[in-house]
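J.: Provide a 3D model corresponding to the input given below.
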Amino acid sequence: MFDIVSPDEIREGRATDAYFDRTVTTLEDADRDPYVVAEVCADQFPTGAFELFAGVKDAANLFSSTTVDIDALCEGQLFDGGPVMRIEGRYTEFARLETSLLGFLSHASGIATRALRARRAAPDVQLLSFGARHVHPSLAAVVERSALIAGFDGFSHVAAGEILGRESSGTMPHALIICFGPNEQEEAWEAFDAAVGDDIPRIALCDTYSDETDEVLRAARTIDLDGVRLDTPSSRRGDFRHIAREVRWKLDTEGYEDVDIFLSGGLGAAELRELRDVADGFGIGGYVSNANPVDFALDLVEIEGEPATKRGKLSGPKDVYRTSDGDHCVLPAGTPSPAESESLLEPLVRDGEIVREFSIDASATRALRDAERVGFEAD
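T.: A predicted model of the protein is given here:
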């Protein structure tokens, strides 16, 4: 019914590029299937531009029925050049999986990196991912998981919440207010308050028909509010910072100091830096979900124990380290490690068995800690 490649087709290697099919056919016909080492990299050498590694859980599951061994960075680790993953085994065992593998890692890592920029731009307020509407529905859980790994506090997508074991967030759109009509905002807020469970925050959308300060005070007088959300379109927004400050002033002077202010609508890292001191939280959409994928590539670097690769790539297996001063170091495998450094490649799959557990919370803790360590910023 929908243009979606099924999980079975992905695991069976049918979600692949045609030339991998033809390569496997050729190697089988020639009775050739070398034992190889392959590496996944975005850049050969460190460039100073760190990115956040994500998509590892899906990648591990992709190889769970093979006989290969895989080492990889941990999910939530920042990287800068060199391999993020190393695969060892017979080439035909994983040749057809390359396309899906790179898709899993590239898309999730791009989203997570952009989400981490948002988190670093506004480190002390609540961030919710509202961007699932900008991507194919089959990717919603990828978007939300990647945002959580970067330190977001929640997300809006219901089905993604069921997959990830998290409760989705969000209260009302403009459509709810419009369904009640102009000058009937109070009726809409009261209907919402009466209909939803006590566990749902009472956060009223307050910019549908009239001035933000007007609707905010009307909402506060109508129901027992936890917060208000302003989602004024950019075409009518003016000085969003001034609007938020005015709303805060009005709420405080009317005795509603405990009502939080949430902002949403086309916000990115620059806007978060500007507004983070006048808001209690943000809903972030396309800035995160529309992030460019990381340009990962998979290359063979060793054939039957001998270094080998194509022109322009670095042959032989490599190790990567986080040095004591926060740098990313890439060295030939077997080279003595830098003093007081941390090796980043760890076992992920052994003979087709996943040997690592996955925790979103642990990944988020790792990402935020590593961001501090390497000086990752929002720019």
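J.: ok, then the element right after the helix or strand where Asp319 lies?
T.: For Asp319, the element it lies in under DSSP states H and E is strand 318-322. Note on strand 318-322: by DSSP H and E, the next helix or strand toward the C-terminus is strand 328-332.
J.: and that following strand, how far from the chain's centre?
T.: Here strand 328-332 is found 26 Å from its chain centre; the criterion is C-alpha atoms, centre = their mean, to the nearest Å.
J.: Start at 55, not 1
T.: With 55 as the first residue, the last one maps to strand 382-386.
J.: list the contacts for the spatially most central residue of the chain?
T.: Centroid check for the chain by C-alpha atoms, centre = their mean gives Ser200 as the closest residue, at 2.2 Å. By C-beta atoms under 8 Å, 6 or more residues apart in numbering, the residues touching Ser200 are 108-109, 162-163, 165-166, 169, 342. To be clear about C-beta, it is placed using only N, CA and C from the backbone, and glycine gets the same treatment.
J.: Take these and keep only those in helices.
T.: Among the contacts of Ser200, the ones falling in helices (DSSP state H) are 162-163, 165-166, 169, 342.
J.: Quick check on those: which are buried?
T.: 162-163, 165-166, 169, 342 (16 or more other C-beta atoms under 10 Å).
J.: Tell me how many other residues crowd the closest residue to Pro255 other than its chain neighbours.
T.: Spatially, and ignoring its direct neighbours in sequence, Pro255 is nearest to Asp280 (4.4 Å; C-beta to C-beta, 6 or more residues apart in numbering). For Asp280, the count of nearby residues is 16 (other C-beta atoms under 10 Å).
J.: thought Asp280 was touching Tyr310?
T.: No. Counting by C-beta atoms under 8 Å, Asp280 stays clear of Tyr310, with 10.8 Å between them.
J.: list the residues that contact both of those two?
T.: Contacts common to Asp280 and Tyr310, judged by C-beta under 8 Å, 6+ apart, are absent.
J.: quick one on the thing from earlier: strands paired with the strand holding Asp373, and their directions?
T.: Using DSSP bridges, the strands paired with strand 372-376 are strand 382-386 (antiparallel), strand 396-397 (antiparallel).
J.: looking at these, which is buried most?
T.: Compared across the strands paired with strand 372-376, strand 382-386 shows the largest average neighbour count, a mean of 18 (mean count of other C-beta atoms under 10 Å).
J.: what's next to it, contact-wise?
T.: Counting by C-beta under 8 Å, 6+ apart, 98-100, 104, 132-137, 370-377, 391-392, 395, 428 sit against strand 382-386.
J.: State the number of residues packed around Ser192.
T.: 13.
J.: quick revisit: of the buried ones among the ones in helices among the contacts of Ser200, which is the nearest to Ser183?
T.: Closest approach to Ser183 among these (C-beta to C-beta): Val342, at 6.1 Å.
J.: Now do the contacts for the closest one.
T.: 165, 168-169, 172, 183, 185, 197, 200-201.
J.: Pick out the lowest-pLDDT one from the residues you listed.
T.: Looking at those by pLDDT, the weakest one is Gly185, with 95.
J.: Leaving out chain neighbours, which residue sits closest to it?
T.: Ranked by C-beta to C-beta, 6+ apart and with sequence neighbours excluded, the top spatial neighbour of Gly185 is Ser343, at 2.8 Å.
J.: hang on, that neighbour packs against Ala186?
T.: Yes. With contact defined as C-beta under 8 Å, Ser343 reaches Ala186; the gap is 6.6 Å.
J.: per-residue confidence for Asp433?
T.: 69.
J.: Arg272 now?
T.: Looking at Arg272, the pLDDT reads 97.
J.: and it, what does it touch?
T.: Going by C-beta under 8 Å, 6+ apart, the list of residues near Arg272 reads 239-240, 260.
J.: Report the buried members of those.
T.: The neighbour count (16+ other C-beta under 10 Å) marks 239, 260 as buried among the contacts of Arg272.
J.: between the contacts of Arg272, which is nearest Val94?
T.: Checking those one by one against Val94 (C-beta to C-beta), the nearest turns out to be Cys260, at 46.9 Å.
J.: What is the least confident helix or strand in the protein?
T.: Here the helix or strand of the chain ranked lowest by mean pLDDT, DSSP states H and E is helix 288-291, holding a mean of 61.
J.: need the helices for the stretch 305-433 of the chain, in chain order.
T.: Taking DSSP state H, counting those that start in this stretch as the criterion, the stretch 305-433 of the chain carries its helices at 323-329, 340-343, 414-428.
J.: Just confirm Leu156 contacts Leu352, I think it does.
T.: Yes. Using C-beta under 8 Å, Leu156 is in contact with Leu352, at 6.2 Å.
J.: what do those two both touch?
T.: Val94.
J.: Would you agree Val94 falls within a strand?
T.: Yes. Using DSSP: H, G, I helix; E, B strand; the rest coil, the secondary structure at Val94 is a strand.
J.: so it touches Leu159, yeah?
T.: Yes. Taking C-beta under 8 Å as the definition, Val94 is a contact partner of Leu159 at 6.6 Å.
J.: Ala201 contacts Ala169, correct?
T.: Yes. Using C-beta under 8 Å, Ala201 is in contact with Ala169, at 4.4 Å.
J.: got any residues that touch both of these two?
T.: In contact with both Ala201 and Ala169: 183, 338, 342, using C-beta under 8 Å, 6+ apart.
J.: Thank you, goodbye.
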